[in-house]
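In: Next comes the sequence, and after it the predicted model I'd like to discuss.
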Amino acid sequence: MKQFFLSLLEVFEVLIVALVSIYLVYTFIAQPFRVEGSSMEPNFSGGDYLVVDEISYRFRNPARGEVIVLHNPAKNTEFFIKRIVGLPGEELIIRNGEVSIDGKLLKEDYLPPDIGLKGDYYFTLDEGEYFVMGDNRLQSFDSRSWGPLGRGDIVGTVRVRFWPLGGLETYSLKTS
(Lines give C-alpha, C1' and ligand atoms only; values in the text may rest on other atoms or scores of the structure.)
Protein backbone atom coordinates (compact mmCIF):
# COMPACT_ATOMS: atom_id res chain seq x y z
CA MET A 1 0.00 0.00 0.00
CA LYS A 2 2.86 2.36 0.83
CA GLN A 3 4.38 1.72 -2.62
CA PHE A 4 1.04 2.60 -4.27
CA PHE A 5 0.93 6.00 -2.51
CA LEU A 6 4.56 6.72 -3.42
CA SER A 7 3.80 5.92 -7.06
CA LEU A 8 0.69 8.10 -6.94
CA LEU A 9 2.73 10.94 -5.43
CA GLU A 10 5.25 10.64 -8.28
CA VAL A 11 2.46 10.85 -10.85
CA PHE A 12 1.11 14.02 -9.19
CA GLU A 13 4.62 15.56 -9.10
CA VAL A 14 5.11 14.90 -12.81
CA LEU A 15 1.65 16.25 -13.60
CA ILE A 16 2.27 19.44 -11.61
CA VAL A 17 5.67 20.03 -13.25
CA ALA A 18 4.12 19.47 -16.69
CA LEU A 19 1.22 21.86 -16.03
CA VAL A 20 3.50 24.57 -14.62
CA SER A 21 5.83 24.18 -17.62
CA ILE A 22 2.94 24.45 -20.09
CA TYR A 23 1.62 27.52 -18.28
CA LEU A 24 5.04 29.23 -18.33
CA VAL A 25 5.61 28.50 -22.02
CA TYR A 26 2.09 29.61 -22.96
CA THR A 27 2.28 32.79 -20.88
CA PHE A 28 5.83 33.99 -21.54
CA ILE A 29 7.35 32.27 -24.57
CA ALA A 30 4.88 31.20 -27.28
CA GLN A 31 1.22 30.59 -27.75
CA PRO A 32 -1.11 29.46 -30.50
CA PHE A 33 -3.34 31.89 -32.39
CA ARG A 34 -6.08 31.23 -34.93
CA VAL A 35 -6.32 33.47 -38.00
CA GLU A 36 -9.77 34.93 -38.60
CA GLY A 37 -10.66 36.96 -41.66
CA SER A 38 -8.99 37.59 -44.99
CA SER A 39 -6.66 40.52 -44.31
CA MET A 40 -3.50 38.40 -44.74
CA GLU A 41 -4.53 36.36 -47.79
CA PRO A 42 -3.04 34.74 -49.78
CA ASN A 43 -0.25 34.11 -47.25
CA PHE A 44 -2.49 33.34 -44.26
CA SER A 45 -6.16 32.37 -44.39
CA GLY A 46 -9.00 32.19 -41.94
CA GLY A 47 -8.73 28.97 -39.94
CA ASP A 48 -4.91 28.80 -40.02
CA TYR A 49 -3.36 28.08 -36.62
CA LEU A 50 -0.06 29.77 -35.81
CA VAL A 51 2.55 29.60 -33.08
CA VAL A 52 3.58 33.09 -32.04
CA ASP A 53 6.97 33.73 -30.45
CA GLU A 54 6.45 36.20 -27.61
CA ILE A 55 10.01 36.29 -26.31
CA SER A 56 12.26 37.30 -29.25
CA TYR A 57 11.22 40.95 -29.13
CA ARG A 58 12.45 41.19 -25.56
CA PHE A 59 15.98 40.78 -26.98
CA ARG A 60 15.70 42.52 -30.35
CA ASN A 61 13.48 44.95 -32.21
CA PRO A 62 10.85 43.90 -34.73
CA ALA A 63 12.08 43.92 -38.35
CA ARG A 64 10.49 44.92 -41.63
CA GLY A 65 8.68 42.06 -43.35
CA GLU A 66 7.96 40.09 -40.19
CA VAL A 67 4.41 38.89 -39.64
CA ILE A 68 3.27 39.78 -36.15
CA VAL A 69 0.31 39.38 -33.84
CA LEU A 70 -0.74 42.64 -32.20
CA HIS A 71 -3.40 44.01 -29.91
CA ASN A 72 -6.21 45.73 -31.76
CA PRO A 73 -5.47 49.42 -31.05
CA ALA A 74 -9.21 50.08 -30.57
CA LYS A 75 -9.95 47.04 -28.39
CA ASN A 76 -6.99 45.64 -26.44
CA THR A 77 -8.62 42.24 -25.84
CA GLU A 78 -8.72 41.45 -29.59
CA PHE A 79 -5.74 40.43 -31.68
CA PHE A 80 -4.78 41.13 -35.30
CA ILE A 81 -2.18 39.58 -37.57
CA LYS A 82 -0.30 42.03 -39.83
CA ARG A 83 3.06 42.53 -41.54
CA ILE A 84 5.58 45.15 -40.42
CA VAL A 85 6.17 47.60 -43.26
CA GLY A 86 7.58 50.73 -41.58
CA LEU A 87 10.09 51.04 -38.75
CA PRO A 88 10.66 53.77 -36.14
CA GLY A 89 11.99 57.05 -37.54
CA GLU A 90 11.06 56.30 -41.15
CA GLU A 91 9.01 58.34 -43.60
CA LEU A 92 6.45 56.17 -45.36
CA ILE A 93 4.56 57.11 -48.54
CA ILE A 94 1.97 54.89 -50.22
CA ARG A 95 1.02 56.00 -53.72
CA ASN A 96 -0.51 54.04 -56.61
CA GLY A 97 -0.32 50.82 -54.58
CA GLU A 98 3.44 51.14 -53.99
CA VAL A 99 5.17 51.76 -50.67
CA SER A 100 8.22 54.00 -50.41
CA ILE A 101 10.37 54.17 -47.29
CA ASP A 102 12.56 57.27 -46.97
CA GLY A 103 12.22 57.82 -50.71
CA LYS A 104 13.11 54.25 -51.77
CA LEU A 105 10.55 51.86 -53.26
CA LEU A 106 9.89 48.89 -50.96
CA LYS A 107 10.13 45.51 -52.67
CA GLU A 108 7.31 43.31 -51.33
CA ASP A 109 7.76 39.87 -52.91
CA TYR A 110 5.21 38.35 -50.51
CA LEU A 111 2.34 40.27 -52.15
CA PRO A 112 0.41 39.15 -55.21
CA PRO A 113 1.01 41.30 -58.30
CA ASP A 114 -1.28 44.27 -58.89
CA ILE A 115 -3.08 44.38 -55.56
CA GLY A 116 -5.15 47.34 -56.74
CA LEU A 117 -4.56 49.50 -53.67
CA LYS A 118 -6.20 52.91 -53.98
CA GLY A 119 -5.43 56.11 -52.16
CA ASP A 120 -2.34 58.01 -51.08
CA TYR A 121 -0.95 57.88 -47.55
CA TYR A 122 1.89 59.66 -45.79
CA PHE A 123 3.26 58.85 -42.33
CA THR A 124 6.34 59.80 -40.37
CA LEU A 125 7.03 57.28 -37.63
CA ASP A 126 8.33 58.38 -34.25
CA GLU A 127 10.58 56.35 -31.97
CA GLY A 128 8.81 53.17 -30.89
CA GLU A 129 6.25 53.33 -33.71
CA TYR A 130 5.69 50.77 -36.47
CA PHE A 131 3.55 50.80 -39.60
CA VAL A 132 1.73 47.52 -40.26
CA MET A 133 -0.48 46.35 -43.11
CA GLY A 134 -2.28 43.19 -44.11
CA ASP A 135 -1.07 41.37 -47.21
CA ASN A 136 -4.59 41.62 -48.64
CA ARG A 137 -4.41 45.42 -48.78
CA LEU A 138 -7.97 45.86 -50.07
CA GLN A 139 -9.46 43.93 -47.13
CA SER A 140 -7.18 44.97 -44.27
CA PHE A 141 -7.95 47.23 -41.33
CA ASP A 142 -4.43 48.37 -40.46
CA SER A 143 -2.12 51.35 -39.85
CA ARG A 144 -3.64 53.16 -42.83
CA SER A 145 -6.82 53.39 -40.73
CA TRP A 146 -5.60 53.75 -37.15
CA GLY A 147 -2.09 55.18 -37.68
CA PRO A 148 1.25 53.94 -36.40
CA LEU A 149 1.35 51.00 -34.01
CA GLY A 150 3.08 51.46 -30.66
CA ARG A 151 5.80 48.96 -29.71
CA GLY A 152 3.81 47.93 -26.63
CA ASP A 153 0.92 46.68 -28.78
CA ILE A 154 3.05 44.01 -30.45
CA VAL A 155 2.45 40.56 -28.94
CA GLY A 156 5.03 38.59 -30.93
CA THR A 157 6.17 37.27 -34.29
CA VAL A 158 4.70 34.33 -36.19
CA ARG A 159 7.08 31.34 -36.17
CA VAL A 160 5.05 28.34 -37.35
CA ARG A 161 1.80 27.67 -39.17
CA PHE A 162 0.79 24.24 -37.85
CA TRP A 163 -2.74 23.99 -39.20
CA PRO A 164 -3.90 23.06 -41.72
CA LEU A 165 -1.45 20.15 -41.74
CA GLY A 166 -0.76 20.48 -45.47
CA GLY A 167 0.24 24.10 -44.84
CA LEU A 168 2.89 23.40 -42.17
CA GLU A 169 5.43 26.17 -42.58
CA THR A 170 8.03 27.91 -40.45
CA TYR A 171 8.89 31.60 -40.64
CA SER A 172 12.13 33.39 -39.96
CA LEU A 173 13.29 36.98 -40.07
CA LYS A 174 12.34 38.58 -43.39
CA THR A 175 13.93 41.81 -44.46
CA SER A 176 13.69 43.85 -47.61
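Out: The structure has been received and is ready for your questions.
In: so who does Thr124 touch?
Out: For Thr124, the contacting residues are Glu90, Glu91, Leu92, by C-beta atoms under 8 Å, 6 or more residues apart in numbering. Every residue, glycine included, has its C-beta placed from N, CA and C.
In: same thing but 7 Å
Out: Glu91 (C-beta atoms under 7 Å, 6 or more residues apart in numbering).
In: confidence score at Leu92?
Out: Here the pLDDT value assigned to Leu92 is 95.
In: for it, what are its contacts?
Out: Gly86, Val99, Ile101, Phe123, Leu125, Phe131.
In: Now do the helices in the protein.
Out: 2-24, 143-146 (DSSP state H).
In: of all these, which has the lowest average per-residue confidence?
Out: Among these, helix 2-24 carries the lowest mean pLDDT, at a mean of 68.
In: Straight-line length of stretch 138-155, end to end?
Out: With C-alpha to C-alpha, to the nearest Å as the measure, stretch 138-155 spans 24 Å from end to end.
In: going forward, begin numbering at 52 instead of 1
Out: Let's use 52 as the start, then, which means that last one is stretch 189-206.
In: Check what contacts that stretch and list those residues.
Out: 89-90, 103, 105, 108, 113, 119-122, 124-125, 130, 133, 166-168, 172, 174, 176, 179-185.
In: Cool, thanks, signing off.
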